[in-house]
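S.K.: need a structure here:
(one chain, ligands or ions: 2)
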Amino acid sequence: LDTLTLNSPVSLVIDEARFAKLRQHLFPGDGDEHGAVLAAGLAQSERGTRLLVREVFLAEDGLDYLPGWNSHRILTGPFIAQKSDYCARERLCYLAVHCHSASDTVGFSPIDLASHEHGYPALLDITCYPVGALVFGTNSVAGDIWTPAGRYALNHATIVGRRVEHLYPSLNGRPKVADLIYDRQMLLFGAAGQQILAGLKIGVIGLGGVGSLLNEWLARLGVGHIVAVDFERIDLTNLPRVVGAYRWEALAIHPGIDSHPLVEELRRRLAAFKVTVARRVALQANPQTRFEGVIGDVIDEDVALQLADADFIFLASDSMRSRLVFNALVHQYLIPGIQMGAKVPPGVGGEVGDVFAVVRPVLPHNGGGCLDCNELIPPHRLRQENLSERERRAQQYVADDQVRAPSVITLNALAASQAINDFLMMFTGLYADSADMNYRFGWVRERKWESAAPRYREACLDCGCKSTSRRARGDGTRLPCRLVSPS
Ligand SMILES: [Zn+2]
Ligand SMILES: [Zn+2]
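M.R.: Ligands and ions are numbered 1, 2, ... in the order given. As a prediction, the model looks like this:
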């Protein structure tokens, strides 16, 4: 690791709750300087390097944070030693934090920079992970990140919560020009909001009834980069729900038609992938969108890792194992996401059951809606899925043993529209402080929306506070993917 170079730009990601705690400590209203240490995981991709804040350690004034020389304040030696040891042991980056009384523009003082040059080479000798410093203004942040291979300026910080906010070293004059076709939606979220959408990379897992709607709407909204994941091909029963699919693409595959398994398999192989349909739909809706179609299953590591640097992930696939991987991506890489679907459960005695649409925001902070904490990834269902797959493989072809759940485009749209509005409001900063990010259930036959606050378990291995959890560990741990993909 001693040649560790960081891809640019380098940014910091912190969840809403931890940032609120840090901001309160740095800016209690006394106009004074205060200090803290952040322990952060590391995630690198072609889009840059993200420092994922896992822990916030506040330095107590007068105990851990003392006057040094030249009216400059410093973290004490014991505090630095304790926290840097912790970071080295936990394989996390060590980031010293202080504040200046600045608002929109902030930068290190010459004394700050001199102390980095004095301290960080020595610190890098005891840890092989990046170390560095951040200085916050009330509406800005700058950073000086060190590795044995070089020194990097922080580009920005992202605060992930019901509003996804960005802090920069200075108001950087975002380009305020956007395409006139977005005139009407810019009346709602401005040219700046439109520009934000154009810069996003959004993952869509599953391109069935719900996912195909999300894909088209994201492209029409002007989202810059869509990564759409699905391993299935279109069949005739998908046509009433998958937008933009041609009848000939489904090639008479009908699970109800009795034909020789080999004929059925041949037809199946000639049918179009859902990803192919989605690509056409997205590019028709917006030729500027970068559409990346992944014909594969998110439960395979190479597929999942293509979403590890996304800004947001929609989970519109129904398997327990995709929930497992999605939940891990959200918490390990601090990527907000939403799981959604519509269900038409069979009722008793041939009656129609309680039709519902469900939308579950999953935000990477404690109590943010972790699917595991809310018992939505039950181990016995995971085992069932693993078993039935082995059985299917033993039979040499994909038997149609999937549950043929009732599915209707308008019900899918109910879930998809709530989810994509959540996404839009979060990224354009339009959600009010009073907006809860609870799970929402639409009971269609009762014509009623209900909301439920998600639960939180401290011992959770995805989102919890124990050192065994994957939260914010980034590239430092493996995703819970299947080990060998069946080919
Ligand atoms: Zn300073
Ligand atoms: Zn959890």
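S.K.: what does the stretch 1-150 of the chain put close to ligand 1?
M.R.: Within the stretch 1-150 of the chain, the residues that sit near ligand 1 (Cβ under 5 Å from the ion) are S109, D112. (Each C-beta comes from the backbone N, C-alpha and C, glycine too.)
S.K.: Low-confidence stretches in the stretch 1-150 of the chain?
M.R.: Within the stretch 1-150 of the chain, the stretches with pLDDT under 70 are 1-3, 69-71.
S.K.: For it, just list every one of the helices.
M.R.: Counting by DSSP state H, counting those that start in this stretch, the stretch 1-150 of the chain has helices at residues 16-26, 77-90, 110-126.
S.K.: Quick check: which of the ones you listed is buried the most?
M.R.: helix 16-26 (a mean of 18; mean count of other Cβ atoms under 10 Å).
S.K.: helices or strands up against that one?
M.R.: Judged by 3 or more Cβ pairs under 8 Å, 6 or more residues apart in numbering; DSSP states H and E, the packing partners of helix 16-26 are strand 35-45, strand 48-58, strand 93-99, strand 131-137, strand 150-160.
S.K.: sorry, back to before: for ligand 2, find the nearest of the helices of the stretch 1-150 of the chain.
M.R.: helix 16-26 (13.9 Å; Cβ to the ion).
S.K.: any idea of the angle the closest one forms with strand 131-137?
M.R.: Regarding helix 16-26 and strand 131-137, their directions subtend 70 degrees when assessed with axes from the mean of the first three to the mean of the last three Cα atoms, to 10 degrees.
S.K.: Give me the residues contacting helix 16-26.
M.R.: Residues outside helix 16-26 that contact it (Cβ atoms under 8 Å, 6 or more residues apart in numbering) are 14, 34, 36, 38, 53, 56, 58, 97-99, 136, 159-163, 363, 365-367.
S.K.: Could you tell me the angle between it and strand 35-45?
M.R.: Going by the same axes, to 10 degrees, helix 16-26 makes 150 degrees with strand 35-45.
S.K.: what residues are up against whichever residue of the stretch 101-250 of the chain sits closest to ligand 1?
M.R.: Closest contact between the stretch 101-250 of the chain and ligand 1, by Cβ to the ion, is at D112 (4.2 Å). Neighbour list for D112: H72, H98, A133, V135 [criterion: Cβ under 8 Å, 6+ apart].
S.K.: buried subset of those?
M.R.: Neighbour-count burial (16 or more other Cβ atoms under 10 Å) applied to the contacts of D112 gives H98, A133, V135.
S.K.: Let me know the closest of those residues to Y456.
M.R.: H98 (30.8 Å; Cβ to Cβ).
S.K.: Verify the contact between that closest one and V135 for me.
M.R.: Yes - using Cβ atoms under 8 Å as the test, H98 is close enough to V135 to be in contact (5.9 Å).
S.K.: mind listing the helices for the stretch 151-300 of the chain?
M.R.: Per DSSP H, counting those that start in this stretch, the stretch 151-300 of the chain carries helices over the ranges 183-198, 209-221, 247-250, 261-270, 274-285.
S.K.: Any chance of a markdown table for these, columns mean neighbour count?
M.R.: Below are those laid out as a markdown table (neighbours: other Cβ atoms under 10 Å):
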| stretch | mean neighbour count |
| --- | --- |
| helix 183-198 | 16 |
| helix 209-221 | 25 |
| helix 247-250 | 16 |
| helix 261-270 | 13 |
| helix 274-285 | 21 |
